[in-house]
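**Q** quick one: sequence plus predicted model below, questions after.
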Amino acid sequence: MTPMIEIDFITLTYMVIAVFGLVGFLRGWWKEAITTGLLTILLVMLTEPNFAGTIVEFIGGIVTGIWDAVMSLFESSEVLSATVQVQAPPEVDAERYSIYIIILVLLVIASYFFGKMGLATNLSAGARILGALMGFYNGFVVVSLVREFMVGRFLPGAADVSASAAPASSMSIQVTNLPQASIADSPTAFFLISIGFVVFFLALVTGWRVDRMKIGRKEPPLYRKQKKSKKAYDEE
């Protein structure tokens, strides 16, 4: 008998939103805005399958180029060529939902690393509250994107994907309370994309400055500079 794992989608959504909200409270609104901007790219890809196919094809070209370079390096070394067998590059197919989930995970991770660059400031209560609210928003978008990618109705070649059934696995996952409404075929998508672009633009404008053709960081609104210790002042 195949074991069955039942997941309540509504409960899962609340859990993910709560986690993102907590992280947003700890990170502040500016760092969460970077995540929002990157998630907006995936929202656009969801609503524009042709654009999504172009992006995935471009990523596939990069992966193939890197893979070929690594395999060429192995072939040029007698020791490596004897121990490592040359293989074909991994397939990056725009019609596979797993590719978009991988891109989603990588973008979220990249946004967290990017948000740590050069922002040595203290968070005010307002920055934390706004960060929590934006974290809730990002969590909702992440869950919605994963749902749409797994359903696959708006991916390139959606008709072909839905027609080809995946082989049965040793374990089944049943998702209950899955909402019937989709963010991709409603005005909600345009609303979320608009919010994402506006927030990302504000993060760039308030977090960076251009002074005499030089780009540097500055403290965003609701952020405070870290106070120097007495020892640091003495060293200066």
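**A** Ah, there it is.
**Q** just give the number of residues close to T35.
**A** T35 has 31 neighbouring residues, counting by other C-beta atoms under 10 Å. From N, CA and C alone the C-beta is placed, and that goes for glycine too.
**Q** quick check, it in contact with V108.
**A** Yes: with contact defined as C-beta atoms under 8 Å, T35 counts as touching V108 (6.4 Å).
**Q** nearest residue to P90 other than its sequence neighbours?
**A** V63 (6.5 Å; C-beta to C-beta, 6 or more residues apart in numbering).
**Q** that neighbour in helix, strand or coil?
**A** Put simply, V63 is helix when judged by DSSP: H, G, I helix; E, B strand; the rest coil.
**Q** got a pLDDT number for it?
**A** pLDDT for V63: 82.
**Q** how many other residues sit next to it?
**A** Neighbours of V63 (other C-beta under 10 Å): 14.
**Q** check I109 too.
**A** Neighbour tally, I109, other C-beta under 10 Å: 11.
**Q** which SSE is it in?
**A** I109 belongs to helix 97-114 when elements are defined using DSSP states H and E.
**Q** got the buried residues for that helix?
**A** Neighbour-count burial for helix 97-114, counted by 16 or more other C-beta atoms under 10 Å, picks out Y97, I99, Y100, I103, L104, L107, V108, S111.
**Q** reformat those residues into TSV and put distance to A69 and pLDDT next to each item.
**A** Formatted as TSV, the buried residues of helix 97-114 follow (distance: C-beta to C-beta, whole Å; pLDDT from 0 to 100):
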residue	distance to A69	pLDDT
Y97	28	76
I99	21	84
Y100	25	85
I103	22	86
L104	26	88
L107	24	87
V108	27	86
S111	27	83
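**Q** other SSEs contacting the helix holding I109?
**A** Counting by 3 or more C-beta pairs under 8 Å, 6 or more residues apart in numbering; DSSP states H and E, the packing neighbours recorded for helix 97-114 are helix 29-47, helix 49-76, helix 125-151.
**Q** other residues contacting it?
**A** 31, 34-35, 37-39, 41-42, 45, 52, 56, 59, 92-93, 142, 145-146, 149-150, 152, 155, 161 (C-beta atoms under 8 Å, 6 or more residues apart in numbering).
**Q** go with 10 Å
**A** Around helix 97-114, the neighbours that count as contacts under C-beta atoms under 10 Å, 6 or more residues apart in numbering are 20, 23, 27, 31-39, 41-42, 45-46, 52, 55-56, 59-60, 91-94, 96, 138, 141-142, 145-146, 148-152, 155, 161.
**Q** buried subset of those residues?
**A** The buried subset of the contacts of helix 97-114 - by 16+ other C-beta under 10 Å - is 20, 23, 27, 31-39, 41-42, 45-46, 52, 55-56, 59-60, 92-94, 96, 138, 141-142, 145-146, 148-149, 151-152, 155, 161.
**Q** mind checking pLDDT for the closest residue to L39 other than its chain neighbours?
**A** Nearest non-adjacent residue to L39, counting by C-beta to C-beta, 6+ apart: V141, 4.9 Å away. On pLDDT, V141 comes in at 92.
**Q** same check, this time on G131
**A** pLDDT at G131 comes out at 91.
**Q** that one: what's it in contact with?
**A** With C-beta under 10 Å, 6+ apart, G131 has these contacts: 21-33, 123, 222.
**Q** pick the one among those closest to A189.
**A** Nearest to A189 among the contacts of G131 is A33, at 19.4 Å by C-beta to C-beta.
**Q** what about the closest one, distance to F9?
**A** 27 Å (C-beta to C-beta, to the nearest Å).
**Q** same check on F149?
**A** F149 is 14 Å from F9, by C-beta to C-beta.
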